[in-house]
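pasting the sequence and the predicted model now:
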Amino acid sequence: MKHFFNRKDTIVTEALDGFLATAGSGALARLDGYPEIKVVLRADWDKTKVAVVSGGGAGHEPSHAGFVGAGMLTAAVSGEIFASPSVEAVLAAIRATTGSAGCLLVVKNYTGDRLNFGLAAEKARAEGLAVEMVIVADDIALPDIAQPRGVAGTLFVHKIAGHLSESGHDLASVAAAARAAAKDIVSLGISLSSCSIPGQAHEDRFGADDGELGLGIHGEPGVERIALQNATALVAIMAERLAARLDPHSRYALLINNLGSVPPLEMSLIANAVLTSSLAKAAALTIGPGHLMTALNMNGFSLSLIRLDAGRQAALLAPVGPHAWPPAKPVSAPAVVAMAKPALGAATKTASRDAAAERLIKAVCQKLISLEEPLNLLDAKAGDGDTGSTVATGARSILESIDTLPLADKAATAAAIGDTLGTSMGGSSGVLLSIFFTAASQSLGSDASLSKALLAGLDRMTFYGGAKVGDRTMVDALEPALKALDATGVEAAAKAARQGAEETAAMRKAKAGRSAYIGSQLDTADPGAFAVAEVFAAVAALFAPA
Amino acid sequence: MAEPDFSRLIAAAADTIAAHAEELTALDQAIGDGDHGLNMKRGFEAVRAEAGAFAEKPLPEALKAVGTKLVMTVGGASGPLFGTLFMALGKDLPAAPDRDRLAAALGKAIEAVAARGKSQPGQKTMLDVLQPVYEALAQGKNAGEIADAADKAADATVPMKALRGRASFLGERSIGHMDAGARSTALLVRAVAEAIEGN
């Protein structure tokens, strides 16, 4: 696995400095103790309220430094990656933040964290500071384990304790609320990969079709290996185990945590699966989905629930300073707004007949259909070989609808052709031609001549499409043709189109369209420009004196 | 039992940990979080950096200083646990201990580690090596035999199911891997035994 880093032994301090440098001035600071002491704390802290201090190994970002700020943590102590911080580091954080109101340590249940935070608490008490400690053990992966680990549900405790401290509660009541909250939290994680530590050899133990259920936040293997299956099925397994631990008569807040590298798209899909699972009826508030307590780049997620009462609900909903905390939101069904009806316009014009227009449209369409194979072959040299098929599809759809076209009304006919191409032809050429005819229709509606209207269509098409003459696109034939049509007539237009198409064969590089990805000399005409030349030739033949 | 220079013991311990850091990390990756080798190395290098100052103290004070250093500055679980082992050893050891006093002090130190980690032998931890080492010492085994007992005890953690530490989160899946803390304990026992033997 590749990683962005410089040196193994400065990863954490460099990351903390980057975090602080982008956190905005004034709100946060760090203690002057690098590299041993890695403590981020509120810069505006005056020790008049209960300090809420947490931390642990690094690799869980934004935990814990990301949650330092008004209404949450007073300070966060970081160790090295996945290693608990030292007693000295924890003690430094306590000393820096604790006044007469005292300090609450929020500790995830790992031997290292318990020992280092516990010893630091003992030493701080010996120095005369009032320190309480709450241990969070929210993981339900192993139901009968003596010491369940603490995972993402710890954030509920940070939020509740931080809110109570901010609103002026004393240490005893903040600690009591935090301990009660910790007892009412359940969490479960799942992953499709383990995580890799920068600069450390990594071998993913997961097979291609394996997942693991009940894993923690340090890359330690999960309790059970689980077959890869669809998201709804995986969520259902988790929901069943979590739901078994919930009180059916209570409402819960649900925290959806990205363990590292699940794309936001998939996290939203997971959120949808959770909120349509058996957990849905219990969930009153959601927090996330988001990166809250990660395990480096683990491709997994965890679900945490805390039983709500009025106090916890108010605490979870209260706004906070740290932007890593996503505001808790009441669960609500997705809002759906009815689509607006199209305004009355050209599209609603009734069919009418015009023999000359019908003859012209049929001639153009039949020509384009006959060019399907040659255009595909031309396109295959520079693009994906579908120009002929795309163009023929558009032409066929026009032919099929010709009896419904309001042919006696040029503007309405152009608009209808634009609509048909936009929906039936597909690809960028369908959209561009739709723009061409729709814009031409607008001009025709304000009494412009056909040639001026088509030039207006070209203007809009090149505006949205971005191609100019010389870019090896259909514009190389269409622009000179339409200018000649406007200035002289259809025969001159056909000549200009042919010349323009031939010139594209000598063009070195396409600057727009799919051919733009090929940088080499091509020696063949651009298929779009070639098609334009063929169409104008067919139209000129139609108008040629017999 | 001859008494080697304390700074030589520290060097032997730090050397063996440094030489086996990758192996310890690999053991920890299998059933833990993969930081054990790095943590132990960081800890014993911190001790090595002050070996000169430690060696000037009487043996009990030197052991206490090593333990305090490990407890206070290393972090992880191994810092406080190995630190407690050394601090407790120093607490109960006279300046010039004989075998019986050393065995008695080790027994007390094992109790202190067990209390600190809320653990006991049989739970796939460092205690599973310390306990047989204590017994071998108390039975009058020589340094080589004690080191062999430590290795054998570390091997014996392979089929155990972890009940403490991060490997305990794996449940049955922790079976079949050696405990990293047991291995590092055996490495330290052998390094110290050989340093004493070679003195």
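Nice, thanks for sending it over.

tell me the helix or strand right after the longest helix along chain A.
If you go by DSSP state H, chain A has its longest helix at helix A:427-445. Scanning forward in sequence from helix A:427-445 by DSSP states H and E, the next helix or strand is helix A:450-465.

following that next one, which helix or strand comes up?
helix A:475-487.

what residue ranges in the chain score low on pLDDT?
Going with chain A. Within chain A, the segments meeting pLDDT under 70 span A:344-348, A:508-522, A:546.

think we crossed wires, I meant chain B
Applying pLDDT under 70 to chain B flags the ranges B:1-4, B:199.

which parts of the longest helix of chain A are buried?
A:427, A:429-445 (16 or more other CB atoms under 10 Å in any protein chain shown). No exception for glycine: its C-beta is placed from N, CA and C like everyone else's.

only C-alpha atoms, please: export it in PDB.
Taking Å, rounded to 0.1, in the frame of the first residue of the first chain, the C-alpha atoms of helix A:427-445 are listed here in PDB:
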ATOM      1  CA  GLY A 427     -24.000  11.000 -26.500                       C
ATOM      2  CA  SER A 428     -22.600  14.500 -26.500                       C
ATOM      3  CA  SER A 429     -23.400  14.900 -30.300                       C
ATOM      4  CA  GLY A 430     -27.100  14.400 -29.500                       C
ATOM      5  CA  VAL A 431     -27.000  17.100 -26.900                       C
ATOM      6  CA  LEU A 432     -25.000  19.400 -29.200                       C
ATOM      7  CA  LEU A 433     -27.400  18.900 -32.100                       C
ATOM      8  CA  SER A 434     -30.300  19.400 -29.800                       C
ATOM      9  CA  ILE A 435     -28.800  22.700 -28.700                       C
ATOM     10  CA  PHE A 436     -28.300  23.600 -32.400                       C
ATOM     11  CA  PHE A 437     -31.900  23.000 -33.400                       C
ATOM     12  CA  THR A 438     -33.400  24.500 -30.200                       C
ATOM     13  CA  ALA A 439     -31.400  27.700 -30.600                       C
ATOM     14  CA  ALA A 440     -32.200  27.800 -34.300                       C
ATOM     15  CA  SER A 441     -35.900  27.500 -33.400                       C
ATOM     16  CA  GLN A 442     -35.600  30.500 -31.100                       C
ATOM     17  CA  SER A 443     -34.200  32.600 -34.000                       C
ATOM     18  CA  LEU A 444     -36.800  31.300 -36.400                       C
ATOM     19  CA  GLY A 445     -39.500  32.300 -33.900                       C
END
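
nearest residue to the middle of chain B?
The centroid of chain B falls nearest to residue B:185 when counting by CA atoms, centre = their mean (3.7 Å).

roughly how far apart are that one and chain A?
Residue B:185 is 15 Å from chain A, where distance means CB to the nearest CB, to the nearest Å.

so that residue is in which element?
Here residue B:185 is assigned to helix B:180-197, by DSSP H and E.

re the thing from before, got the angle between the longest helix of chain A and helix A:475-487?
Comparing the axes of helix A:427-445 and helix A:475-487 via axes from the mean of the first three to the mean of the last three CA atoms, to 10 degrees yields an angle of 10 degrees.

just give the closest residue to residue 61, not the sequence neighbours.
Going with chain A. Closest residue in space to residue A:61, ignoring its immediate chain neighbours: residue A:294 at 6.1 Å, by CB to CB, 6 or more residues apart in numbering or on different chains.

hm, I was asking about chain B
residue B:90 (6.7 Å).

near residue 20, how many other residues are there?
Using chain A here. 17 (other CB atoms under 10 Å in any protein chain shown).

should've been chain B
Residue B:20: 19 surrounding residues under other CB under 10 Å.

ok, residue A:151 to residue A:322 distance?
19 Å (CB to CB, to the nearest Å).

okay, the two: which has more neighbours?
Taking other CB under 10 Å, residue A:151 and residue A:322 do not tie; residue A:151 has more neighbours (31 against 22).

was I right about that one contacting residue A:108?
Yes. Taking CB atoms under 8 Å as the definition, residue A:151 is a contact partner of residue A:108 at 7.1 Å.

residues in contact with the residue nearest to the centre of chain B?
Residue B:185 is in contact with B:126, B:129, B:130, B:133, B:150, B:154, counting by CB atoms under 8 Å, 6 or more residues apart in numbering or on different chains.

return the distance of the strand or helix carrying residue B:16 from the chain's centre.
Using DSSP H and E, residue B:16 falls within helix B:6-19. How far helix B:6-19 lies from its chain's middle: 12 Å, per CA atoms, centre = their mean, to the nearest Å.

now it: buried residues?
Neighbour-count burial for helix B:6-19, counted by 16+ other CB under 10 Å, picks out B:6, B:7, B:8, B:9, B:10, B:11, B:12, B:13, B:14, B:16, B:17.

I figured the second one hits residue B:55, correct?
Right, the one you point to is residue B:7. Yes. When contacts are counted by CB under 8 Å, residue B:7 is listed as touching residue B:55 (3.9 Å).

hmm, back to that, so how many other residues sit close to the residue nearest to residue B:61?
Per other CB under 10 Å, the neighbour tally for residue B:90 reads 22.

tell me the phi and psi of it?
Main-chain torsions, residue B:90, degrees, to the nearest 10: phi -60, psi -30.

do you know how far it is from chain A?
Per CB to the nearest CB, residue B:90 is found 17 Å from chain A.

touching, that residue and residue B:64? I think so.
Yes. The criterion here is CB under 8 Å, and residue B:90 meets it with residue B:64 at 3.6 Å.

on that earlier part again, among the contacts of residue B:185, which ones are buried?
Buried members of the contacts of residue B:185, counted by 16+ other CB under 10 Å: B:126, B:129, B:130, B:133, B:150, B:154.

find the nearest non-adjacent residue to the third one, please.
Okay, so that is residue B:130. Closest residue in space to residue B:130, ignoring its immediate chain neighbours: residue B:110 at 4.9 Å, by CB to CB, 6+ apart.

residues contacting the one you found?
B:85, B:127, B:130, B:131, B:134.

quick check: the farthest pair among those residues?
B:85 and B:131 (12.5 Å; CB to CB).

excluding covalently adjacent residues, which one is nearest to residue 58?
Using chain A. Residue A:58 sits nearest to residue A:12 (CB to CB, 6+ apart), 4.4 Å away.

look at chain B instead
Going by CB to CB, 6+ apart, residue B:58 has residue B:95 as its nearest residue, at 4.6 Å.

follow-up on the earlier one: distance of the residue nearest to residue A:58 from chain B?
Taking CB to the nearest CB, one finds residue A:12 at 11 Å from chain B.

likewise residue A:222?
In terms of CB to the nearest CB, residue A:222 sits 8 Å off from chain B.

run a quick neighbour tally on residue 22.
Picked chain A for this. 7.

nope, chain B please
Using other CB under 10 Å, residue B:22 has 14 neighbouring residues.

can you confirm it is in a helix?
Yes. Under DSSP: H, G, I helix; E, B strand; the rest coil, residue B:22 sits within a helix.

excluding sequence neighbours, find me the nearest residue to it.
residue B:37 (6.2 Å).

residue numbers of chain A in contact with chain B?
A:36, A:57, A:79-89, A:110-112, A:115-116, A:119, A:139, A:141-142, A:145-147, A:149, A:197, A:200, A:214-216, A:218-224 (CB under 8 Å from any CB of the partner chain).

need the helices for the stretch 301-450 of chain A, in chain order.
For the stretch 301-450 of chain A, applying DSSP state H, counting those that start in this stretch gives helices covering A:310-317, A:355-370, A:372-382, A:387-400, A:410-424, A:427-445, A:450-465.

contacts for the last one, please.
Read it as helix A:450-465. Taking CB under 8 Å, 6+ apart as the rule, helix A:450-465 contacts A:410, A:414, A:428, A:432-433, A:435-444, A:448, A:468, A:473, A:475, A:478-479, A:482-483, A:485-486, A:512.

try it again with 7 Å
With contacts defined as CB atoms under 7 Å, 6 or more residues apart in numbering or on different chains, helix A:450-465 is touched by A:410, A:432, A:435-437, A:439-440, A:443-444, A:448, A:468, A:475, A:478-479, A:482, A:485-486, A:512.

what comes up buried for that helix?
A:451, A:452, A:453, A:454, A:455, A:456, A:457, A:458, A:460, A:461, A:462, A:465.
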